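Peer 1: Whatever this is, show me its structure:
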Amino acid sequence: MTAAARVTGAQRTAAGFVELLDALRPPAGRDQVRMGDVFALAKRFVDLPVAEIDKLLDHDAHLVRVGALRIMGNQAVRKNAPEALRASLYELYLRRIDRIDTWDLVDLSAHQVVGGHLLDKPRDVLYELARSPHWWERRIAIFATLTFVRAGDVDDTFALAEILVADPHEFVRTAVGGLLREAGKHDRARLLAFLDRHAATAPRVVLRFAIEHLDPLQRAHYLGLRP
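Peer 2: Residues are numbered from 1 along each chain as shown. Next comes the predicted model:
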């Protein structure tokens, strides 16, 4: 039985999560903790109270914060999760956004916690985040729209891409390109119109991600527009 499988009710606290995560650490000189094991542990803690998740986000260890954000995503997409819980997770995410400061932390659940909450609500906060001086907040803004795109709503993805297409940070550029690609699967004409405006000046990584699923002639055309 793994450490992740030995979770009891009394251990469903932030301290309990950290204790079991530490038990997963291999002896010195061995490989690092496998991400799949961290995700499995997070699944066992799916009922962790929001106040305890907050404590995990405050932890210095990166893997502890990975667990916290995975738990948040798992809770947000849980079938029949109360709207009040989704709202609490969203509020916690934005309040502790300074702790979500690497690309992998963003990608764990920005679309589930932020995008999922905003699916049927005004999305002004995403435009505020898109203009943040912190690159991870800008990545959150565009990555959160993945939930909208999967629901067939691409408006905000294209609007935010207009703001972020020339972003100076590589991790924002890759997210913009990736979301343009996904939005283009739902509205090819709109993607092509975006590329007609920006292909000549967009950072190469944005362009390469965005055109990934176009046919070879279209990819060659847009790459050929660059100086």
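
Peer 1: What pLDDT does the model give residue 4?
Peer 2: Residue 4 carries a pLDDT value of 43.

Peer 1: next one: residue 223
Peer 2: Looking at residue 223, the pLDDT reads 96.

Peer 1: what do you get for residue 186?
Peer 2: Reading off the model, residue 186 has pLDDT 97.

Peer 1: heads up, I number from 9, so please use that
Peer 2: Got it, the first residue is 9 from now on, which makes the last one we talked about residue 194.

Peer 1: Neighbours of it, how many?
Peer 2: For residue 194, the tally of surrounding residues (other C-beta atoms under 10 Å) stands at 15. Any C-beta I mention is one placed from the backbone N, CA and C, and that applies to glycine too.

Peer 1: Next, the contact list for it, please.
Peer 2: 157, 160, 162 (C-beta atoms under 8 Å, 6 or more residues apart in numbering).

Peer 1: so which of those residues is the most crowded?
Peer 2: residue 157 (24 neighbours).

Peer 1: Please parse this structure into its domains.
Peer 2: 9-111, 130-235 (automatic domain parsing).

Peer 1: which SS class is residue 210?
Peer 2: Taking DSSP: H, G, I helix; E, B strand; the rest coil as the rule, one finds residue 210 in the coil state.

Peer 1: same deal with the one 4 residues further on?
Peer 2: The local conformation at residue 214, judged by three-state DSSP, is helix.

Peer 1: Might one say that it is in contact with residue 173?
Peer 2: Yes - judged on C-beta atoms under 8 Å, residue 214 makes contact with residue 173 at a distance of 6.1 Å.

Peer 1: what is in contact with those two at once?
Peer 2: Counting by C-beta under 8 Å, 6+ apart, the residues touching both residue 214 and residue 173 are 184, 206.

Peer 1: neighbour-wise, which of those two wins?
Peer 2: Set residue 214 next to residue 173 and count neighbours by other C-beta under 10 Å: residue 214 wins out with 27 against 21.
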